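>>> here's my sequence, what's the structure:
(2 chains)
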Amino acid sequence: MSSYIHSVSLDSSKCTGCTTCMKHCPTEAIRIRNGCAVIDADRCIDCGECIRNCQNHAKKSIYNTFDEIKAYKYTIALPAPALFEQFENLDDIDIVLQGLLDIGFDDVFEVAQAAEIVSDYTRKYLKTEGIKKPAISTACPVIARLVCLRFPFLKDNLVPLLPPIEIAASMAREEALKKNPDLKPEDIGICFISPCPAKVSYIKNGFGSYKSQVDLAISMSEIYFMLINVMKREKVRTITSKAGRIGISWAMCGGEASALFNDKIIAADGIKNVISVLDQLEDGNIPPVDFVELNACPGGCVGGVLTIENPFVSKNRLHALRRYLPVSQYVETEDYVPDKGYSPDLPDYKPLNRLSDSIGESMRIMAQIQAIKKSLPGIDCGSCGAPTCRAFAEDIVKGKADQNDCLIAYKDIIKQYIENYSGGEKSDS
Amino acid sequence: MAESLYFEYPVDGENFASAGQASTRVKRNLRELGLDSETIRRVSIAMYEGEINMVIHARGGVAKIEVTDSQIIIILEDKGPGIANIEQAMQEGFSTAPDDVRSLGFGAGMGLPNMKRYTDYMNIDSVVGEGTTITMKVNY
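Got it, this is the predicted structure:
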């Protein structure tokens, strides 16, 4: 059993077993059993595709509720840069930051501010000798998990830097302790305002042996409705944004990569596109680049399933918002990446696309899969409860499915049966 | 000792855009078997080059792959024009590819030399006017 805690989950009372989510799942983690979707926790990467595609709202993301901040004496909101693009006619980020204070947070620390630091670290990291290129960004937690599970040969290409959310969390806590000397570290609740379930899962699980410094994760859509009630342009503001264009632009695909001031970059968004880029990278079919930014959601974080606005409108708003911002507000302090910027290790997920641990055993399994697949219709209809005939064959070999679950084959059996009886020639048995 | 696994893929000679699909499918299978990345890379490069050759010169053919417990055997069969002078064809830069194919970036005369470079064994069996069978082996 998997000990990985997932944010993506299923409300089985709403699930009709329609197979839509199963068809869209990029890691074939979903099966339909007894008329209801079942998620394989070992395979799920929390990308949210099933939530995006479920017509019955049976797929959902689990996150903390706003009330949970009351458990802490002092709470700090960590807004993801994608939050600012949710609002129509917003011309000043400070209005949103003030809104976060007004709904009850004691302080705000922008993830965009930390993103500028990570951009600086990444520029330095790319100059390090002996690193494996292209370096693949780990800022999107889906990508980190996807690479470990499905592209294990690319594991060494993952950038070992902590994502902006972690840098933000530890800086926020440090700052708060300095400002309020009587607080203890555990009195402080750091609350991320998340655009996606993947970040929520990441916070619960950490990455490798690294435990997240963030205490709570709240859905962006929930906070949006609270903010919209309190945000007023004419209000006096006690807080000023500490991020520039670079930090804010992390909200969309290409933002992280363009902050590297390097032409040798690739940025892709949308899980299918991401997988095709990784496929090509694994094959060595991509021209030499230094850095690859991959975002599971269409458009980048602005396309997360916990956002309100469609990603293309958000991108347009981002362009307007950053027009009068400085390039960056981060002032470089060290000419190296400090230890606290690195993540200690990579998680040890078992690769998914290996049939077994030994090649001989894998060959036996594959031969069985091939044999079964030949007898299947090959139309990938999904009615057996597996996304493809190939996946169904593998399920049969592994004892997770019964060959009689194939409706197409079953139809032929019934047809035969009827013919035998109605044709006058009764079968011998 | 495990029994050998066999895969067989038709190589469609009519559609240039789909060239390389057989090697992609083989690669996926080899990954599932858990072979190391270097072996997979060698097999897929050698097979890709062979597949492109079949599309350019022979209007397609058949790719047969056998995976044993120590090597991968790739057999590419076509009923194309055959290779008149194998020694010459093996030289880097020698190509009989037509101009329209060259304009797409293929036909640089590196196909056969690359196939030899990335494999442990290669044999060309060709009869002019009848066809060509190329056998390659990659040990792992």
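>>> list the contacts for the one residue in the stretch 1-150 of chain A that gets nearest to chain B?
Nearest residue of the stretch 1-150 of chain A to chain B: A:Arg150, at 9.3 Å (CB to the nearest CB). (Glycine included, C-beta is placed from N, CA and C.) Listed by CB atoms under 8 Å, 6 or more residues apart in numbering or on different chains, the contact partners of A:Arg150 are A:Thr27, A:Ile275, A:Leu278, A:Pro351, A:Leu352, A:Asn353.
>>> ok, now with 10 Å
Contact analysis of A:Arg150 by CB atoms under 10 Å, 6 or more residues apart in numbering or on different chains lists A:26-27, A:43, A:45, A:275, A:278-279, A:282, A:349, A:351-353, B:31.
>>> was I right to think A:Lys374 contacts A:Ala393?
Yes. Look at A:Lys374 against A:Ala393 with CB atoms under 10 Å: they come within range, at 9.0 Å.
>>> these two: who's more crowded?
Using other CB atoms under 10 Å in any protein chain shown as the criterion, A:Lys374 and A:Ala393 rank with A:Ala393 on top: 24 against 10.
>>> which is the succeeding secondary structure element to the strand or helix carrying that one?
Following DSSP states H and E, one finds A:Ala393 within helix A:389-397. Heading C-terminal from helix A:389-397, the first helix or strand you meet, by DSSP H and E, is helix A:407-422.
>>> elements contacting that following helix?
Using 3 or more CB pairs under 10 Å, 6 or more residues apart in numbering or on different chains; DSSP states H and E as the contact test, no helix or strand touches helix A:407-422.
>>> average pLDDT across it?
Across helix A:407-422, the average pLDDT comes to 88.
>>> for stretch A:216-228, what is the distance to the chain centroid?
Put simply, stretch A:216-228 sits 18 Å off its chain's centre (CA atoms, centre = their mean, to the nearest Å).
>>> that stretch: which residues count as buried?
For stretch A:216-228, a neighbour-count test (16 or more other CB atoms under 10 Å in any protein chain shown) marks A:Leu216, A:Ala217, A:Ile218, A:Ser219, A:Met220, A:Ser221, A:Glu222, A:Ile223, A:Tyr224, A:Met226, A:Leu227 as buried.
>>> low-confidence ranges, the chain, go.
If you meant another chain, say so; for now it's chain A. The model of chain A has pLDDT under 70 over residues A:1-2, A:423-429.
>>> right idea, wrong chain: chain B
Counting by pLDDT under 70, chain B has low-confidence residues at B:1-2.
>>> ok, the residue positioned nearest the centre of chain B to chain A distance?
The centre of chain B sits closest to B:Gly50, judged by CA atoms, centre = their mean, with a distance of 2.4 Å. B:Gly50 sits 16 Å away from chain A, going by CB to the nearest CB, to the nearest Å.
>>> what residues are up against that residue?
B:11, B:22-23, B:61, B:63, B:74-76, B:78, B:111-112, B:114-115, B:119, B:122, B:132, B:134, B:136.
>>> got the contact list for B:Arg28?
Residues in contact with B:Arg28 (CB under 10 Å, 6+ apart) are A:Asp279, A:Asn353, B:Ile40, B:Ser44.
>>> same question for B:Leu35.
With CB under 10 Å, 6+ apart, B:Leu35 has these contacts: A:Arg354, A:Ile359, A:Ser362, B:Lys27, B:Asn29, B:Val43, B:Val67, B:Ile72, B:Val138, B:Tyr140.
>>> mark which of those residues are part of helices, please.
Using DSSP state H, the subset of those located in helices is A:Ile359, A:Ser362, B:Lys27, B:Asn29, B:Val43.
>>> before we move on, the earlier item: for PyMOL, what selects the buried ones among the contacts of A:Arg150?
In PyMOL, a selection of the buried entries from the contacts of A:Arg150 looks like this (16+ other CB under 10 Å):
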select buried, (chain A and resi 26+27+43+45+275+278+279+282+349+352) or (chain B and resi 31)
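>>> same list, the contacts of A:Arg150, but as CSV with secondary structure please.
Shown next, in CSV, are those (DSSP: H, G, I helix; E, B strand; the rest coil):
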residue, secondary structure
A:Pro26, coil
A:Thr27, coil
A:Arg43, coil
A:Ile45, coil
A:Ile275, helix
A:Leu278, helix
A:Asp279, helix
A:Glu282, helix
A:Tyr349, coil
A:Pro351, coil
A:Leu352, coil
A:Asn353, coil
B:Arg31, helix
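>>> and of the contacts of A:Arg150, the nearest to A:Ile379?
Nearest to A:Ile379 among the contacts of A:Arg150, counting by CB to CB, is A:Pro26 at 20.5 Å.
>>> and chain B, which of its residues are near chain A?
Residues of chain B lying close to chain A (CB under 10 Å from any CB of the partner chain) are B:1-7, B:20, B:23-24, B:27-38, B:40-41, B:44-45, B:48, B:67-70, B:140.
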